[in-house]
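Engineer: coords please:
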Amino acid sequence: MLKWIRNRLVGYEVFFQHEGRWRLEAVTDDEDAAVALARKALGSGGTLSARVVRQRSMLNGFTTETVIFEDAVQAREKPVVVASPSQPTPLCATVADLCEDAGRQVVGQVLKDYLARNNLTATELLHGWSHARRLQDKGGGIVTAAIHRTATAQAATTGTSVKDRVKELIGLVDQATGLARDFAAERKRLPPFQGADIAAYARTVQAAVGEDRYAYAMRSLLTVWLFEISSLPGKLDSVVELMEQPDIDEPLMRLLDGIAADTLIFADVIQDVFGARSNLAGFLCALAGFLQGRQVGGMSPGAARLSGLIGRGVAPLCRQVLTARLVQEIASDKPLDKLNPAADGTLIEELTTALMQGNGEMFGGEAVRKAMSIRRLRNRQDVLRAKGLHAVADNLRAE
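Structural biologist: Sure thing, here's the model as predicted:
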C-alpha cells in the first residue's frame, strides 16, 4: 500500500528471511506499523531476520528503496523435555544397577529429548565424564527434574516414598558421575578401541581391570569410540557390526546388545531401520515381521543384520525394546492411518495377520494380545459413536 506525500508515493515493505532468502510478508503505508510488525516477529520467534524497506516513487516513475530497519536474533533453543518413565521402573539400589541395562533404559526414557539433541545414548551419558559434566553445566534443573519424574513413577508403582526415592536417586547419580570422572583419568593407561577385533580387545581390558570392573570399563572405553560416530543410526549400525565379529563370548555380546538397545528408543533410529512407511499400520506390520525374522522390504541394510541377531537369540535386549515399542503403539489412540481413520477396522485385521506366528499363536504373548484387545475395543466404540450409539459404546469392555 502506498500513499501520497509531497508528490511522491511512499510505502513500506516488510521482509522476513526464510532458509536464507528474503520473503515479502506485508506492505503498508505506515512506517511505525511496519517496524512494529518486524519487531514482533523477531520477538515471537516468527523469524530470525527481518527487514523494512521504504519505497518512494516519483510521478515520473523514478523509484528509490531504502532499508530503514533490519535486525536479527539468535535462534532460541526450546527447553529440554524431561519425560516420565513410560514403563514400570526398577528400584536401583546401587550405582551398578543404574549403569546396567534396566537402569540405562529408564535414563534413556526420561532424558530422551536431551540425548537425541546431543546424539548420545544413555550408555554414553552415564559412562562418559565429558558428557555428564556438560549436562551439569547446562543447569542442574534437567537432572533434578529427571530424578523427580523417576522417583514419582517408582513411588506410584511400588508404594515407596517419593522423598526417600529422590534422596536415594540423587546419591546414585552423584556416585555415577564420580565413577565417570575417576575412570576418565584411569582410561589413559588403557589402549583405546580402534573398531577391530573387539573380542581380543575385551580380553585385554578384562586382564587390566579385573572381572568385577570389566563391564563398566568396557562400556566406558566404547563410549570414547562411539563419540566419534556423529549420528544415532550410525552408532546402531556400528555396534551391530561389532556384534557380528567372530569369537565374541556371551558377556561381551550381552554388553553390546545393551548398547544397541539404548539406540532403539530414538525416532531417528527407528526411521533409519524401518524406512518411510505410509501409515502407522504399515510400520507396525513391518515391525512385527522384523521381530519374527521375516523378510520385510524398505529397510536399511543394517536392519537385516539386526534382525538376524535377534532371530539367533543373541540380541534379547534389542528384541525387548522393540517389542515394548510394538505394544505401546498398538495400544495407543493413534489412528492406524491418520489420513483415513475410518480404515482402522480393515488395518486391524492386517495387523492381526502380521502378528500371527507359524504355530498359530500371536507374537508377543499376553502383552500384545491385551494391546490388540484395547485397539479393537476403541475401534468398535468409534464405530458406535459415529452412529450415535454413545451409551452402547461406553458400556463396551475389552475382550
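Engineer: okay, and for the stretch 1-150 of the chain, where does confidence drop off?
Structural biologist: Residues of the stretch 1-150 of the chain meeting the criterion pLDDT under 70: 1-8, 59-61, 76, 88, 139-140.
Engineer: which residue ranges form the helices in it?
Structural biologist: Applying DSSP state H, counting those that start in this stretch to the stretch 1-150 of the chain gives helices spanning 31-44, 95-99, 101-110, 112-117, 122-127, 129-137, 140-158.
Engineer: these: which one's closest to Gly308?
Structural biologist: helix 101-110 (21.2 Å; Cβ to Cβ). For the C-beta atoms, the positions are set from N, CA and C on the backbone; glycine is no exception.
Engineer: quick one, that closest one and helix 140-158 angle?
Structural biologist: Here the directions of helix 101-110 and helix 140-158 differ by 120 degrees (axes from the mean of the first three to the mean of the last three Cα atoms, to 10 degrees).
Engineer: how far does the top helix by length along the chain sit from the chain's center?
Structural biologist: In the chain, taking DSSP state H as the definition, the longest helix is helix 162-186. Here the centre of helix 162-186 is set off from its chain's centre by 24 Å, with Cα atoms, centre = their mean, to the nearest Å.
Engineer: what's the answer for stretch 338-354, then?
Structural biologist: From the chain centre to the centre of stretch 338-354 is a distance of 26 Å (Cα atoms, centre = their mean).
Engineer: returning to that earlier point: right, so the helices of the stretch 1-150 of the chain: which one is the most enclosed?
Structural biologist: Among these, the stretch with the highest mean neighbour count (mean count of other Cβ atoms under 10 Å) is helix 122-127, at a mean of 26.
Engineer: next SSE downstream of the longest helix of the chain?
Structural biologist: Going down the chain from helix 162-186, the next helix or strand is helix 198-209, by DSSP states H and E.
Engineer: just the CA trace of that following helix, in PDB.
Structural biologist: What follows is helix 198-209, C-alpha atoms only, in PDB (Å, rounded to 0.1, in the frame of the first residue of the first chain):
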ATOM      1  CA  ILE A 198      36.600 -56.400  19.800                       C
ATOM      2  CA  ALA A 199      36.900 -59.900  21.300                       C
ATOM      3  CA  ALA A 200      40.700 -59.600  21.700                       C
ATOM      4  CA  TYR A 201      40.300 -56.000  22.900                       C
ATOM      5  CA  ALA A 202      37.800 -57.100  25.500                       C
ATOM      6  CA  ARG A 203      40.200 -59.800  26.800                       C
ATOM      7  CA  THR A 204      42.900 -57.100  27.100                       C
ATOM      8  CA  VAL A 205      40.600 -54.800  29.100                       C
ATOM      9  CA  GLN A 206      39.400 -57.600  31.400                       C
ATOM     10  CA  ALA A 207      43.000 -58.600  32.200                       C
ATOM     11  CA  ALA A 208      43.800 -55.000  33.000                       C
ATOM     12  CA  VAL A 209      40.900 -54.100  35.200                       C
END
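Engineer: so what secondary structure elements neighbour it?
Structural biologist: helix 211-227, helix 250-263 (3 or more Cβ pairs under 8 Å, 6 or more residues apart in numbering; DSSP states H and E).
Engineer: what mean pLDDT does the last one get?
Structural biologist: Mean pLDDT, helix 250-263: 97.
Engineer: which parts of that helix are buried?
Structural biologist: Leu252, Met253, Arg254, Leu255, Leu256, Asp257, Gly258, Ile259, Ala260, Ala261, Asp262, Thr263 (16 or more other Cβ atoms under 10 Å).
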